[in-house]
Each structure stands twice: as structure tokens, then as C-alpha cells.
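K.L.:
Build the 3D model from these lines:
(3 chains)
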Amino acid sequence: MILDVKQLVKRFGNVHAVNGVDFHVAAGEAVGLVGESGSGKSTLGMLVTRLLPATSGSIRFDGRDITSLPEAEMRGLRAKLQIVFQDPWGALNPRMTIGRALEEPLKLHTDLGARARGSRVRDLAQRVHLPVASLERFPNELSGGQLQRVSIARALATEPKLIVLDEPTSSLDLSVRAGILKLLEEIRRESGVAILFISHDLDTVELVTDRLLVLYLGNVVEQGATRSIFSAPAHPYTQTLLSANLPPDPDAKLARHPLIGETPSPIDLPPGCAFASRCPAAIPSCRLARPPSTPLGEAHSAACIRIAEGANVLIS
Amino acid sequence: MSSLVLPLGIARRSPTFAAGAAIVGVLLLTAFLADVISPYGPTHTFPYEVLKPPGGKFLLGTDGNGMDVLSRVLHGTRYAFGISVPAGLIMVLIGVPLGVIAGYKGGVVDEALLRVLDVLRAFPSIILALAVVAATGASLVNVVLVIGFLDSPIFARVVRAEVLALRDATFVRAAIAVGNPPWRVMLVHIFPNAILGATAQLPVRMAWAVRISATLAFIGVGIQAPAPEWGAMIRQGAEYVISGEWWVATFPGLALIGLVLGFNLLGDGLTDILDPRRKATGK
Amino acid sequence: MSLLSVEDLHVHFVSRGLDNRLRVARALNGVSFEVEEGEVLGLVGETGAGKSLTALALLGLLQPPARVTRGRIRFEDRELAPLASGARDHVRGTRVTMIPQSPQTSLDPLTRIGEQLVRMQREHRRVSKADAWRRAGEMLAEVRIPAPEQRMHAWPHELSGGMAQRVLIAMALVNQPRLVIADEPTTGLDVTVQAEVLDTLRELVRAHRMSAILITHDLGIVAHYCDRIAVMFAGVIAEQGPTRAVFREQRHPYTRALIASTPKRIAERGFGEVGGTPPDLYALPEGCLYRDRCARAADICVQPPPNVPFPGKHAALCHFATEP
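P.N.:
The predicted structure is shown next:
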């Protein structure tokens, strides 16, 4: 297992961003983190890459406990644990050429000489289908799609075992997104790197990931094989989320499950299921305690007490 | 022809910068060529032509010692730049690292800087400068050092503000994620990007340096006559304003205003140029 | 007679570069389309295609260095361009209104919601404060804001994203316009909230028999909320037509590429030709503006392409529109 997260909690003051999350990523797997605003998915990405310290819980990367590893030791491990951010323009130092930006990880983690680094950088550019001329350019001279390719190339430079991608295509135009997704597929095929794909776009996640976690207010409400979740969503929130999705097909029938009210504030969450206040299937017991994860078959589970009685399926 | 085009473009982008650059440029040139363009030596006395009004042999008149005001004003540029440039250098050499470390690492360095700034806010820096120079002696070197040190925390604050904003920038996060140790994050990623905004502040601080040195001289603590420092000249000339010999204080005063204005325009113009263009070019 | 008729609209941005030479960005290059009464038109395109600019031109909000260099805009049988600014303002507040993006920055943070709705009315119509206040409350109820009476006294920062967006809709509709332009009305909203906001918008548009132009980059929104779709690229409308028809069969290579690049299509048919760099508005090619990125480009494409009509008010700007 490349990444193993247990009972991870992150609190900012009294804001509960992540509330006891368990998940893992196996070598070569593509796991998705899906959720709306306030779900904690981006925070999880920061926690797992140690860009934010966890409040409690454990993170094991490639067998090592990195939860409270001193930063000096963590730095060496970063070669194998990389991240691509949502904002392609902001992710690169505006005063560094692309070539230097790609060279940096090599300088930090390898003993290669300048010439060897230069040639590796050119290889990286080719791998992400960037013209070699872009290496001399500054970030403001490239388009969003090209910049995202640079970020991906930078992440690949040290041959990582896991790349976290935080909404890598959300800031890009439609026509450019497909190119990035295609690139990711190529890279996974060639190098077998595992990815943690954070997104709010269900269609993209369905295409890209093998397994999926659905998050709501810092809790994992459902996880399992992507196919299983899309074909038979068990948790009422997952069902609602999927039903609100608008497929780009005018003839597709929509059957929306309406929700009551809007997402509550993550400050001082009430006890019980975080979704209870908006769930059409909620009963009083839902507000008593955090629902445990109910297994539903092969590696598929959902945290809802209504599943046992079969009362979790929403009717539109 | 093409080498003129770029400066014209910049002038169009910010007339303020152009004006400031022109003023400072002319005065700087004067500082270099003072010996050549001055009609007389700056301390050359004409004992029989004391307090002569402007005109004829002495374009700007003579002062109480019979020295040509014009020549003294022109040579005064050397003191002005001789103080503001090294002081500026000290400000940068101390202020920038201080600001970067305080802003990025916070902790003890930041607390110390903030306390020093609190003290400076409580005491007008002129009083502090006065105290130090009075205690250590009014040499050019001392004045430069005092001004440089006194202004560096303020310069550091400007840098610190830029750094604070940068700390949360995505590319700084990315730099950490890639595996940069803190010193490299500060040097390679924070510093080059924080320096732009701070650069615009530098001319403004240099204007301040010129003013403080003139003020110190005027009070009688800084550079003193017969050195052709504008502040000293104004001090001397102040005595004669009541009796009607207005030119002794007025011309160095105008020169002082001119240079300070020039530096301020330069700084303002730099802010204009660097800010919107920061998005246009990363260079 | 169409409610809105835009004919051959050209907008240029003129500026001076550092080398002092004039630079012209050709942002709109002959935009032509119509909106009928009661119709919802979806305007899609990538960043820089000219969607928001078209909206600004319709509202008469273009400022130098942007200039309309050619073209006509007819609204309710009147030419908009020659109108004096007072008349234009009146049209903008009462006949054609806009729902802007990002509610957080579009609402006045220092004024309560009710007051802003009242202001919106009294600036453009003769109406008493009491009447305006009452109408404001009605409007909030119409956009389905719970407890509208209390909300009238709320500050913008007290509202969630979805609520704030509904308030913006209320502001745009309170003067009963004939045409509403919604510029990416659900960006930044959660998926679950987005659907409800769009439902409300559609309901109101239908109930008041208005027309709407919905600017979006989300094909899902267009598919389910728009009667017709206009696809923009480099300041021209590459293809326009009834939503169903265009989704079923695209006549312009760009539209085809867009539809093919949605994850659903990729899941069905794999990755096709992907991406392309955005066009440089300062240096657009001769003839067809899409030809540098087009898989189908041929020699004839240096000639400006014809706008080929198809049945059902469907048209595509391409030499090869009739070929599959």
C-alpha cells in the first residue's frame, strides 16, 4: 500500500475540516476524493502531502509513518510523493523559467550534473508533450493547459510513487481538460504511478478513477469501486450528488433528489451523522452518533444506519 | 533608433516615473560633473563679495562667507547622493534579509522586528538620529550609518508585507512540496518575488535619507559648514532671510525639494510600472 | 420579429505596446444571432471566445479601449447603438438586465439586501419606497429564498453562495425585463445547489415570459436548460442551433471537438484529438479563425467560411459543414 490513512482529523480552531477519515491507495491505483465545498477533500490533499499538519490520526506512506515526521526527513520522501495544484498559473514561480522549474526537483533529490539534468528536463517536456522551446519561457507566456502540463512534468521528475492531483482540470477550459486527462492516462500506463484525484466533477472522476471516496463535511460517507458507486450509490448523499449531476446530453432523463436547506457550517458540528439535517431519509437515531461504516460487498461501504433496513434508497 | 523606443514606451506607461527619473538623472549627472560645471570652487571665498544678490558674476548670489551659492548648490548634490545611496545600500542589505526572514519564518526575528518598529513609531526617527549623531560625532560616515540603520526596519517592514502575502502563494506551497528546504524557499522563491514591491519603496526611502541628513545639518548636528551640504547651507541662510538676503537659504532649499520630489516620483512611478506589468511579464 | 437581433458585431481592443506601436485585439469578429421571445439561448465557448464581451456589448457597457467597429444590435425593434446614454441606461435597467458572476463581489457589501432591491427599482422606474419594498419582498419569495421578510434586512455576507446568487437573480428580474443575461450564474456553487438555482431561474423566465441568454462553459447546463445553443470561438459563432439538434449532430469541427471532449463521451469513445492553444486575438489567421486547430483544415480554409444553414434555425460557419 502506497498510502494508508487512519482516523485522520484536522481542526482549524473549532472548524472541523476533516473528521476521522480512513482510506488507502494501493500501488498503481487511481483513487478519487469527491465532494462539494466544505467536504474537506482539498484539506485531505494537503494533509496527505504534509503541507498541513494533522490534528490527529495517522498517515503511512510507502510503509513509513509520516504523520509527525520531522520536516528535514520528510523532504527526502517528497521525491516520491508529489502534488499538482488546481491553479496552473499560481503553481509556478513567475520569475523562474519552465526549464529551471523542472530542474529544481532534480537538483534537490538527485546527484545529476548540469548536463544530465538538462537532458532529463528535455525528456520530461517531451513526455508531457510540451515543445522544447517552452523550457526557455516564463510561466506568463504559457496557456493554462500548458502550465498544467508543466506542473505534471515537475511532479514526475523524481519518479514518484504517488501523485496527488487537486482539481487539476477545474480551472481549465473544456477543450483543454481532455488533453490533461489523456496525459494522465498515458502516464499511469507508462509508469504505474498511483494517483489521488481530488475533484468535484463527477463525470471526470468516473472516467479517471478505479476507486472513489465520497466526502461530506469532513466525513467519508461512501467508498468503493467507482463503477459500483455510480451504478448503485448507497448513501443518500451520494445518491443526491449523482442525481444533481447534469450530463451533457439533452435526452438524458434527470431524476433529482431535492435536499433540504443548504450545507451547514463546519463549525461545532452537531453529534450524529453530518448529513442528517438535510437527508430525506433521516430518522431521530441518525442524530445520536456517527454512523459506522456498513460493508456492502466487495470493498464497497457506506456510513448510514438506514442501509440495514433498506431505507437508504431515495425515491425522486 | 530602437534603443530610444523602449524608454519612450516606459515614459508613456508612467509619466511619473519618467519625470522622477529625469530629475534624479539630471541631479546625479550634476553630482558627477559638479567640478566641471561649477563656475567656482564650492568653498572658494570671495571676501569682498559677501552676500551679493543673484546676478552677474554670481548667478545665484553669494552667502555670508562670500562663497558662490550656485557652486555650493551644485556640489551639494554630491552630499545628497553620497548619503542617500550608501544609506540606501545599508537599508537594502539589512532590511531585505530581515524582512524575508521575519515574514517567512516569523518567530523571534519577526517579534523583534515588530518591537523595533513599535519603538520607531513612538520616537520620531529624527530624534533618534539626532541622539546618535550627537553622541558619536557628525561625520559623513556616521550620518550615513545612522540613517541607513534607522530606516532599515521600515524597509524591512515593506519587504515583510510582501513576503507575508507570498507565503500562502500556491507556488510557494509547491516549492515546499517539491522538497525545498526553508532557506531555499526564501532565497529562490520568496526573495525574487518580494523584491519587486520593495524596489519601488527604495527611492522613497532615499528621499527620506536626503531629508533627514538635511534636517540634521539644519539643526546643527549633521554635516556642518563650510561643507556644501544643502541642510547646512539652509541653516546658515536662515539667519539672513529676515534681513532680506533670501537667496542664501532659498536655492539650496529648492534643490532639496527638487531631489526629494524626484525620488518620490521615481518611487511612485516604479510602483505603477511594476505592478500591472507584473502580470504581463514575469521578468 | 425577434426580440434581440445581433448582426455582424465586431469589437476591437486598441492599445499601445511598450514599443509604442498600436496593437489591435480582434475580440469579436462578426457575431450574428437572434433570440426570440420566451427563448433561452446558451452561449458557450472557451475563455477569450468573447461570450462575456458579447454580453457587455448588448448591455452597452463596453469601455475604451474596447470599441464596436461594426455591426448592429436591434432590441425590441430598436437599434441600441445610436441611443443616448440616458436612454441606454434605462434599457439596461428595465428591459435587458444581467445576472453577473460571483455574487460575493457583485453585491454591495455595505447595504442590506432589501435596500439594494429597492435601489434597483427606484433608479430605473418611478415607484414609491413602500411599493418598491413590497415588490422586493415578493421578488425574494419568487426566487425561493426562505423567510423572505427577514432576509430583506440581511447583509450580503450573511448569505450563502446559493442564496446570494438567488438575490442577484431577484435584482435582475425585479424590473420585469424582457431579456436576462446570466453570466456563468452557477460558477463556484456546489452541484446540488446549482441545479436548484437553475431550476428557479428557468421557472421565473417561463412564468414571466422572458428570454434569457445563459453564458456558460458547462455543456451539461446547456443541455438541460437551454432551448438553443450558440458556440463561440475567437469572437465568432462557430455553430448555433436547437440544443437537441446540435448535441445529436455537430456541424462544426469545433463543436464536435467540444462535445467529444466531455468525460462522458471520452468514456464511450476514448480520447480523440485533444486540445489546442487558445487563439491569439492579436494575430488571428486569415479566413477561418479555427483553421490553425482544425483537424479538417484544408487549402480552402484561407477563405472566410460561409455560414451554412440547416433546417430548424441551425447554422455552422464552416466550408465542410455539410460533410459528416
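
K.L.:
Spatially nearest residue to whichever residue of the stretch 51-200 of chain B sits closest to chain C (excluding sequence neighbours)?
P.N.:
Among the residues of the stretch 51-200 of chain B, B:Leu196 lies closest to chain C, at 17.2 Å counting by Cβ to the nearest Cβ. Placement of C-beta: from N, CA and C, glycine included. Using Cβ to Cβ, 6 or more residues apart in numbering or on different chains and skipping the chain neighbours, the partner closest in space to B:Leu196 is B:Leu274 (5.1 Å).

K.L.:
Am I right that the one you found is in contact with B:Gly197?
P.N.:
Yes - taking Cβ atoms under 8 Å as the contact criterion, B:Leu274 and B:Gly197 are neighbours in contact, 7.2 Å apart.

K.L.:
can you pull the pLDDT of the residue nearest to B:Leu196?
P.N.:
The per-residue pLDDT reported for B:Leu274 equals 73.

K.L.:
Next: C:Leu62.
P.N.:
The model reports C:Leu62 with a pLDDT of 87.

K.L.:
ok, then the element right after the helix or strand hosting C:Ala212?
P.N.:
Assigned by DSSP states H and E, C:Ala212 belongs to strand C:211-215. Helices and strands here follow DSSP H and E; after strand C:211-215, the next one along the chain is helix C:219-225.

K.L.:
circling back to that earlier point, so if I had to pick from B:Leu274 and B:Gly197, which one is more boxed in?
P.N.:
Between B:Leu274 and B:Gly197, counted using other Cβ atoms under 10 Å in any protein chain shown, the more crowded position is B:Gly197 (20 against 16).

K.L.:
pLDDT score for residue 260?
P.N.:
You didn't say which chain, so I picked chain A. According to the prediction, A:Ile260 has pLDDT 75.

K.L.:
my bad, the chain I had in mind was chain C
P.N.:
Confidence score, pLDDT, at C:Ala260: 89.

K.L.:
Look up which helix or strand the residue lying closest to it once chain neighbours are set aside falls in, please.
P.N.:
Beyond its immediate neighbours in the sequence, the residue positioned closest to C:Ala260 (Cβ to Cβ, 6+ apart) is C:Gly272, lying 4.9 Å away. Assigning secondary structure by DSSP H and E places C:Gly272 outside every helix and strand.

K.L.:
Which residues does the strand holding C:Ala212 contact?
P.N.:
C:3-4, C:35-44, C:51-52, C:55, C:58, C:178-185, C:201, C:205, C:221-222, C:225-226 (Cβ atoms under 8 Å, 6 or more residues apart in numbering or on different chains).

K.L.:
run the last query once more with 7 Å
P.N.:
C:3, C:35-43, C:51-52, C:55, C:178-184, C:205, C:221, C:225-226 (Cβ atoms under 7 Å, 6 or more residues apart in numbering or on different chains).

K.L.:
My guess is A:Ala194 contacts A:Asp4. True?
P.N.:
No - with contact defined as Cβ atoms under 7 Å, A:Ala194 does not count as touching A:Asp4 (12.0 Å).

K.L.:
Pick out whichever of the two has more residues nearby.
P.N.:
A:Ala194 (22 against 17).

K.L.:
roughly how far apart are the more buried one and chain C?
P.N.:
Distance of A:Ala194 to chain C, given as Cβ to the nearest Cβ, to the nearest Å: 21 Å.

K.L.:
what sits against that residue?
P.N.:
Residues counted as contacts of A:Ala194 (Cβ under 7 Å, 6+ apart) are A:2, A:25-29, A:161-162.

K.L.:
Which one of the residues in the stretch 51-200 of chain C is closest to chain B?
P.N.:
Taking Cβ to the nearest Cβ, chain B has its nearest neighbour within the stretch 51-200 of chain C at C:Pro65, 13.9 Å off.

K.L.:
before we move on, the earlier item: backbone torsions only: list them for the residue of the stretch 51-200 of chain B closest to chain C.
P.N.:
Summarising the backbone geometry of B:Leu196 under the convention degrees, to the nearest 10, its torsions are phi -60, psi -50.

K.L.:
Same check on the one 10 residues further on?
P.N.:
Here the main-chain torsion angles of B:Met206 (degrees, to the nearest 10) amount to phi -70, psi -40.
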